[in-house]
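Pasting a predicted model and its sequence here:
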Amino acid sequence: MAATPSAAGSPEPAFPEDAIEVGRVVDAWGVKGWIKVQPFASDPQALFSSKRWFVRPPEEADIRQFGTKPAASFPCLLKVTEAKEHGDGVVAQVQEVSDRTAAEALRGARLFVGRSSFPTADADEYYWVDLIGLSVLNRQGEALGKVVGLLDTGPHSVLRIQSDEPQADERLVPFVSAYVDDVNLAEKRITVDWGLDY
């Protein structure tokens, strides 16, 4: 990973090529500079997998939602000293933030972690980000389309599959062993028990 010099002359790590957005700063937490983060996954292990969170400023819609503008010198990296689950989110203390005012200035910040730092998934478990873009074929070898996203229904996830055919409806296939025969990440392919006319 390349590094670029910071204003102080010490090298800053470059934004990872495999960066995945894992959460947003939603507010300050307490008076000692902790931040409250809303993770994008129900299991926030990706946030806990790295002590370095890369930062991008809020997007325009987020600036309106949080009612704040990003600070002029928005940090590009937050070095996490402590992070823990709190309610439906995560709270963290980072080296770059020492008080509540500085933490509030981060509201809306987008947090990224390199995919390579994610914890290794168990057998037959997959990160959503690894499934998006995979081709989906049925048992007969017929192409159903590509995974464009997933839905979390609580008990299980559902693959959102879009065909290359113009104006084709999106297919929804439950991501459970009853319908999913094989996931081959190396070949970027998922095989399912699903007909073209379902």
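Everything's here; your move. Numbers count the residues shown, from 1 in each chain.

Quick one: the helices in this protein, in order.
Under the criterion DSSP state H, helices of the chain are mapped to 45-48, 60-66, 100-104, 128-131.

Tell me how the protein divides into domains.
The chain breaks down by automatic domain parsing into domains covering 15-117, 128-192.

Buried deepest among these, which one?
Of these, the one with the most neighbours on average (mean count of other Cβ atoms under 10 Å) is domain 15-117, at a mean of 17. (Each C-beta comes from the backbone N, C-alpha and C, glycine too.)

Give me the distance between the two termini of that domain.
Domain 15-117 has its terminal residues 13 Å apart, counting by Cα to Cα, to the nearest Å.

Phi and psi next, for the spatially most distant residue from the centre of the chain.
Here the chain reaches farthest from its C-alpha mean at Gln140, the gap being 33.3 Å by Cα atoms, centre = their mean. Backbone torsions for Gln140, taken as degrees, to the nearest 10, come to phi -90, psi 0.

Ser117 touches Leu47, doesn't it?
No. The pair Ser117 / Leu47 is not scored as a contact, 10.5 Å apart, by Cβ atoms under 8 Å.

The most centrally placed residue in the chain: what's it in contact with?
Among the residues of the chain, the one closest to the centroid is Val22, at 3.3 Å (Cα atoms, centre = their mean). Residues near Val22 by Cβ atoms under 8 Å, 6 or more residues apart in numbering: Pro39, Phe40, Ala41, Pro44, Ala46, Leu47, Trp53, Leu111, Phe112, Val113.

Run through the strands of the protein in chain order.
Under the criterion DSSP state E, the chain contains strands at 3-5, 11-13, 19-29, 34-39, 52-56, 77-86, 89-94, 110-114, 135-138, 143-152, 157-162, 171-174, 180-184, 189-192.
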